[in-house]
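Visitor: pasting the sequence and the predicted model now:
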Amino acid sequence: MSQQSAPSGKPDSRGFFGAYGGQYVPEAVKTRLDELAGAFDAALNDASFQRELEYLFVHYTGRPSPVFHCANLSRMLGGARIWLKREDLNHLGAHKINNTLGQCLLARRMGKKRVIAETGAGQHGVATAAGAALMGLECTICMGEVDIERQHLNVIRMEMLGARVLPAKSGQRTLKEAVDEALAVWIDDPEMFYVLGSAVGPHPYPYMVRHFQSVIGREARAQMLEELGRLPDACLACVGGGSNAIGLFAGFLDDTDVRLVGVEPGGRGTAYGEHAASLCLGEPGVLHGFNSYMIKNAQGEAGEVYSISAGLDYPSVGPEHAQLKDMGRAEYVSVTDREALDAFFALSRHEGVIPALESSHALAQAIKMAPSMSADKVLLVSLSGRGDKDVAQVAELMRKENA
């Protein structure tokens with residue numbers, strides 16, 4: 001694909017977004033993935049499936065989520081106006097419910113009785129547990145031991161919703177290991193449906209997750225035209241696996257005057273093991289059945305990563321983001337823990353909105369960009385989740401800083 005070509009958002013028949021994506025899996029797993037791809041395509045062509053999902057978006061999730069002008073923050077910074085796409089106002093507090101409703105609805109359509117999912121920050125686990133409860137499905141959630149400790153509130157919520165939480169105890173005991181654990185359980189149980197939480201994994205998962213999350217971008221584009229009579233100059237979203245970002249970007253891919261800015265976790269610095277900036281500091285490689293940019297160790301395998309945000313510390317990224325980077329259609333930057341924390345407090349104290357630490361990364365980049373832009377420019381930030389889950393973690397950081 002040439003540098004000037006616009007992406008379609010749909011992979012080719014083998015599941016590739018340009019050079020990225022695909023299915024790097026054993027034949028037995030490929031058979032199950034192909035069954036899933038066929039079921040998903042059939043659901044897309046079934047008006048009743050689409051109607052039920054739309055009904056749930058409106059009456060269960062509370063969509064459309066609004067856009068909001070951060071007038072106080074924008075005035076304080078000077079320069080461009082900052083707007084938010086308020087995915088934090090969704091049922092359960094994050095964008096994750098968009099995807100889990102779609103996948104759990106598909107699981108029920110396929111006759112599955114059990115679902116499994118991985119989770120980092122816990123929001124995908126909570127959303128999967130809720131979707132499973134709604135659809136009458138048994139639910140298992142895999143979560144790294146480190147993340148269980150720093151996101152204990154979400155563990156309690158998952159269990160309240162009827163899910164069983166399995167701790168991942170190997171490696172760094174975070175999101176990658178949770179994925180490893182979930183895949184192992186899923187592979188051993190042909191009657192189980194894997195509700196993957198981000199736009200990663202082997203085909204059809206990146207395309208399927210993108211489709212369910214694209215409601216963010218479709219709504220945002222129409223809302224900005226209604227509110228301002230124009231499109232934003234740039235759309236910004238945090239990128240771990242990249243589902244909220246690809247959902248927002250999907251609405252603006254053909255609007256080439258709109259910059260697409262993905263913001264990765266820069267952690268404590270650029271040294272190995274101190275960040276999780278796969279697109280900024282990684283290289284192409286295969287992980288969890290798909291090809292994309294990834295952080296590698298000296299042996300060329302998935303390397304150690306770190307982020308203050310439990311939902312961003314994954315050593316790879318969705319394959320469509322890799323394609324958009326290589327094409328030059330989207331740009332990817334990183335912000336540090338400190339910058340994300342400063343943005344967390346800026347939004348809380350100037351707008352009365354407490355953002356998730358993940359979302360704070362995107363907001364931090366907007367805060368950096370706005371002062372150097374003219375007052376007629378507009379930045380739209382995906383506020384992918386609210387910060388309830390992070391209150392205890394941030395309080396502990398504040399305690400240590402003030403000690």
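Guide: Everything's here; your move.
Visitor: ok, the residue nearest the centre of the chain - contacts?
Guide: The chain has Ser243 as the residue nearest its centroid, 3.3 Å off, counting by CA atoms, centre = their mean. Residues in contact with Ser243 (CB atoms under 8 Å, 6 or more residues apart in numbering) are 95-96, 99, 197-199, 209-210, 213, 318. (C-beta placed from N, C-alpha, C; glycine too.)
Visitor: next one: it from Arg14, what distance?
Guide: Separation of Ser243 from Arg14 (CB to CB, to the nearest Å) stands at 22 Å.
Visitor: give the buried residues for whichever strand or helix holds Ala222.
Guide: Counting by DSSP states H and E, the element that carries Ala222 is helix 215-228. Judged by neighbour count (16 or more other CB atoms under 10 Å), helix 215-228 contains these buried residues: 215-217, 219-221, 223-224.
Visitor: I'd assumed Tyr55 was in a strand, is it?
Guide: No - assessed with DSSP: H, G, I helix; E, B strand; the rest coil, Tyr55 is helix; it does not lie in a strand.
Visitor: can you get me a residue count around it?
Guide: 10 (other CB atoms under 10 Å).
Visitor: same thing with the one 3 residues further on?
Guide: Close neighbours of Val58, defined as other CB under 10 Å, add up to 11.
Visitor: got a list of what it touches?
Guide: So Val58 contacts nothing (CB under 8 Å, 6+ apart).
Visitor: that one in helix, strand or coil?
Guide: Under three-state DSSP, Val58 comes out as helix.
Visitor: tell me the confidence at it?
Guide: pLDDT for Val58: 98.
Visitor: likewise the one 3 residues further on?
Guide: Per-residue pLDDT puts Thr61 at 98.
Visitor: measure it to Gly93 for me?
Guide: 11 Å.
Visitor: overlap in contacts of those two?
Guide: By CB under 8 Å, 6+ apart, no residue touches both Thr61 and Gly93.
Visitor: quick check, nearest of the buried residues of helix 215-228 to Val67?
Guide: Gln223 (4.6 Å; CB to CB).
Visitor: next one: the closest one relative to Ala271, how far apart?
Guide: Gln223 is 41 Å from Ala271, by CB to CB.
Visitor: distance between the longest helix along the chain and the chain's centre?
Guide: Ranked by residue count and defined by DSSP state H, the top helix of the chain is helix 27-44. Chain-centre distance of helix 27-44: 22 Å, with CA atoms, centre = their mean, to the nearest Å.
Visitor: tell me the buried residues in it?
Guide: Buried, per 16+ other CB under 10 Å, within helix 27-44: 29, 32-33, 36-37, 39-40, 43.
Visitor: now render those as TSV, adding pLDDT and distance to Val155.
Guide: Putting the buried residues of helix 27-44 into TSV (pLDDT from 0 to 100; distance: CB to CB, whole Å) gives the following:
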residue	pLDDT	distance to Val155
Val29	93	29
Arg32	95	29
Leu33	96	29
Leu36	97	28
Ala37	97	32
Ala39	98	31
Phe40	98	30
Ala43	98	31
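Visitor: mind putting the residues you listed into CSV with distance to Pro190?
Guide: Below are the buried residues of helix 27-44 laid out as CSV (distance: CB to CB, whole Å):
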residue, distance to Pro190
Val29, 10
Arg32, 7
Leu33, 12
Leu36, 12
Ala37, 16
Ala39, 14
Phe40, 18
Ala43, 20
